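Colleague: here is a sequence together with a model predicted from it:
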Amino acid sequence: MVMLRIEHPVPNFEGWKQAFDSDPVGREKSGVRRYQILRAIDDPNFVMIDLEFDTVPQAEALLAAMRVVWGRVEGTIMTNPRARIAEVAETKSY
């Protein structure tokens, strides 16, 4: 399993969430199996998004598409995006 972690501050969570829900890059068609959105406890306007893929090339392609989107909306919907692709090494449930 491959994860794309994206994190950045947003000026307004509700406005950002509306933009996220509009899905400008077509997450499902891009190979996203599932995603989760996290908000920092100490700063609810800082979001982290984990997107799960089957392959690294799928994650890389979505990240490339997101960089295009970020170029259009940075400073309005969000600022200073950071992203990293990682492979899940271990998961355990209790």
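Modeller: That came in fine, so what should we check first? Numbers count the residues shown, from 1 in each chain.

Colleague: going forward, measure contacts between C-alpha atoms and count neighbours the same way
Modeller: Noted.

Colleague: all strands of this protein, in order?
Modeller: Under the criterion DSSP state E, the chain contains strands at 2-9, 34-40, 43-53, 82-87.

Colleague: longest helix in this structure, by residue count?
Modeller: Using DSSP state H to define each element, the chain has its longest helix at helix 56-73.

Colleague: what is it packed up against?
Modeller: Secondary-structure packing of helix 56-73 (3 or more CA pairs under 8 Å, 6 or more residues apart in numbering; DSSP states H and E): strand 2-9, strand 82-87.

Colleague: most tightly surrounded among these?
Modeller: strand 2-9 (a mean of 20; mean count of other CA atoms under 10 Å).

Colleague: quick one: that one to strand 43-53, angle?
Modeller: 160 degrees (axes from the mean of the first three to the mean of the last three CA atoms, to 10 degrees).

Colleague: now render the helices and strands packed on helix 56-73 as JSON lines, adding mean pLDDT.
Modeller: JSON lines is the format used below for the helices and strands packed on helix 56-73 (pLDDT from 0 to 100):
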{"stretch": "strand 2-9", "mean pLDDT": "98"}
{"stretch": "strand 82-87", "mean pLDDT": "98"}
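
Colleague: so can I have CSV of those strands showing distance to Asp21?
Modeller: Output for the helices and strands packed on helix 56-73, formatted as CSV (distance: least, CA to CA, whole Å):
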stretch, distance to Asp21
strand 2-9, 15
strand 82-87, 19
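
Colleague: pull the contacting residues for Arg39.
Modeller: Arg39 sits next to Asn45, Phe46, Val47, Met48 when contact means CA atoms under 8 Å, 6 or more residues apart in numbering.

Colleague: separation between the residue nearest to Leu62 when sequence neighbours are not counted and Leu4?
Modeller: Excluding the flanking residues, the one nearest Leu62 by CA to CA, 6 or more residues apart in numbering is Ser30, at 6.4 Å. Noted for Ser30: a distance of 12 Å to Leu4, by CA to CA, to the nearest Å.
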